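A.B. asks: this is the structure alone, sequence omitted:
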C-alpha cells in the first residue's frame, strides 16, 4: 500500500513543476518552420477562434430598436367576397406653343415659367416636357368648281405642306365638295401624298360643305390614338352643309387631342375684289368671307391651333414651315384638375408664361431688343361624364 501511494505522490509532485516550466518558456516563433503566426482575437470580435483565425461576429448593439412587428392581415369574414376600390383621377393634357411675334419658337422654358388656370382657378402642373414627336395629320382640302384661283391656291398650299413632311410623319389626304373624299389613308410615303394631290384636277361640284367634312374628319380621328392635327386648306365658306355652325362648334369642343390649323385660300381674289362671283350661281359676299375667317379663327383657338391668311404664293411655304415648327416644338403640360367632377361640362383654360419670380417674361432678339411673345393653347376642354 505504501509503494503505490508514494508513487502517486511522486507523480503529482512532478506534474506542476513541468507545467510551470512550460509556462515560463518563451513563445515559439512558428515563422521559422513555415507555419502562419497565430492571430490575436480583436476585442470587438464576439465569436470563437480557430486555426484560421477568429470569426468576426460583431456584437449586438443594445441600443438598436427591435424590428417592427409583421403586418397584420385583416381577418376574412366567412361568406364575404374579396373586393377592391378603384378611383379614377382625371388628368388633363395641354399643349402650349410659345413663339415670338415673328413666329420663332421660344426655347429653354421650364415648368416654373408656366401658370395654368381652369375656370379661373390656378392648377398644379404635375408633369412638364417639350414634345418633339412626329406629325400625325389629315390634309383636308376644299376642292370645288367655284373659282379657278381658289383651286390653284388650294393645290399650291397642299404641295407646299407636302414639301415640309419628314420621313417619320403620318399623313392622310382628303378633299371635300358636297362630301369628304379620302384620297390616301395614313402613310409615311411622301410620294403617295404627291400622288393623291395629283388626282385633284377636275372638280365635280361647286358646293363647299365645310361643316359636314370637318365633322366627318373629326369623327374618324377620334379612333386614332395620340395627338392629331387637321391642316384645313379652305376659303372657310360653307354653302350647303346639313350641320349648323353651333353643332360643328360643339363637335370641335368635344373632340380631344386634335388641333386644327386653317389655311385660308382666295385672299388675293378678295383683295382684288373678285372673290364674290362663285360658280353655279352661288354668291358669297365679302361679309360671308369675313364671317368665314372668324369661324376658322374660332376652330383654331378652341383646339390650340393658329389660323393663317396668306396673300401671296410665297407665303404658303413660310406658313407651313411655321406650322411644322410649332407642332414639333411644343410644351406639354399635365395636371389633375381641382374640380374633379365628371359632369360633362366645358372648362375654360388659360395659360400664362412668366419669369420664375412672377414678373413678365423678357425675350430678346439677336440685336438685344425685347420681343413680345405669343402663347397659344386650346381654349378649354369638355370634362368626361360619369356614363363615359
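C.D. replies: The structure has been received and is ready for your questions. Computed from a predicted structure; not experimentally measured. Numbers count the residues shown, from 1 in each chain.

A.B. asks: show residues contacting the helix or strand containing residue 175.
C.D. replies: Using DSSP states H and E, the element containing residue 175 is strand 170-176. Contact partners of strand 170-176, identified using CB atoms under 8 Å, 6 or more residues apart in numbering, comprise 134-144, 158, 162, 165, 180-188, 193, 196-197, 200, 208-210, 212-213, 217. Bear in mind the C-beta positions are built from the backbone N, C-alpha and C, glycine included.

A.B. asks: can I get the buried part of these as one PyMOL selection?
C.D. replies: To isolate the buried members of the contacts of strand 170-176 in PyMOL, using 16 or more other CB atoms under 10 Å:
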select buried, resi 135+136+137+138+139+140+141+142+143+144+158+162+165+180+181+183+184+187+193+196+197+200+208+209+210+212+213+217
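
A.B. asks: just the contacts of strand 170-176: which are in helices?
C.D. replies: 158, 162, 193, 196-197, 210, 212-213, 217 (DSSP state H).

A.B. asks: return the closest of those residues with respect to residue 247.
C.D. replies: Using CB to CB, residue 212 comes nearest to residue 247 of these, at 10.1 Å.

A.B. asks: excluding chain neighbours, what is closest to the closest one?
C.D. replies: Spatially, and ignoring its direct neighbours in sequence, residue 212 is nearest to residue 241 (4.4 Å; CB to CB, 6 or more residues apart in numbering).

A.B. asks: for that neighbour, list the residues it contacts.
C.D. replies: Contacts of residue 241 by CB under 8 Å, 6+ apart are 209-212, 248.

A.B. asks: which parts of the stretch 201-350 of the chain are strands?
C.D. replies: Here the stretch 201-350 of the chain has its strands, by DSSP state E, counting those that start in this stretch, at 228-234, 258-264, 330-335, 346-353.

A.B. asks: will you turn the ones you listed into TSV that also has mean pLDDT, distance to residue 376 and mean neighbour count?
C.D. replies: Output for these, formatted as TSV (pLDDT from 0 to 100; distance: least, CB to CB, whole Å; neighbours: other CB atoms under 10 Å):
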stretch	mean pLDDT	distance to residue 376	mean neighbour count
strand 228-234	93	13	24
strand 258-264	93	10	25
strand 330-335	91	9	20
strand 346-353	93	9	16
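
A.B. asks: to residue 105, which of these lies closest?
C.D. replies: So among those, strand 330-335 is nearest, using CB to CB, at 8.9 Å.

A.B. asks: residues in a beta bridge with the residue positioned nearest the centre of the chain, which ones?
C.D. replies: By CA atoms, centre = their mean, the chain has its centre lying nearest to residue 332, at 5.3 Å. On the basis of DSSP bridges, residue 332 is bridged to residue 95, residue 129.

A.B. asks: so it versus residue 190, what's the distance?
C.D. replies: 27 Å (CB to CB, to the nearest Å).

A.B. asks: equivalent analysis for residue 285, please.
C.D. replies: In terms of CB to CB, residue 285 sits 39 Å off from residue 190.

A.B. asks: who has more neighbours, those two?
C.D. replies: residue 190 (15 against 10; other CB atoms under 10 Å).

A.B. asks: from what I can see the more buried one touches residue 165, true?
C.D. replies: Yes. With contact defined as CB atoms under 8 Å, residue 190 counts as touching residue 165 (5.5 Å).

A.B. asks: distance to residue 129 added to the strands of the stretch 201-350 of the chain, as TSV?
C.D. replies: What follows is these, written out as TSV (distance: least, CB to CB, whole Å):
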stretch	distance to residue 129
strand 228-234	19
strand 258-264	17
strand 330-335	5
strand 346-353	15
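
A.B. asks: nearest to residue 374, of those?
C.D. replies: Short answer: strand 346-353, nearest of those by CB to CB, at 9.6 Å.

A.B. asks: pLDDT on the very next helix or strand once past the closest one, on average?
C.D. replies: Tracing the chain past strand 346-353, the next element assigned as helix or strand by DSSP H and E is strand 363-364. Taken as a whole, strand 363-364 carries a mean pLDDT of 83.

A.B. asks: same thing with stretch 271-279?
C.D. replies: The model assigns stretch 271-279 a mean pLDDT of 63.

A.B. asks: ok, now stretch 148-158?
C.D. replies: Here the average pLDDT along stretch 148-158 is 82.

A.B. asks: so how far is that stretch off the chain centroid?
C.D. replies: Relative to the centre of its chain, stretch 148-158 is centred 35 Å away, using CA atoms, centre = their mean, to the nearest Å.

A.B. asks: OK, contacts around residue 186?
C.D. replies: Counting by CB under 8 Å, 6+ apart, residue 186 makes contact with 136, 170-172, 224.

A.B. asks: let's go with 10 Å and repeat that
C.D. replies: 136-138, 169-173, 224, 228 (CB atoms under 10 Å, 6 or more residues apart in numbering).
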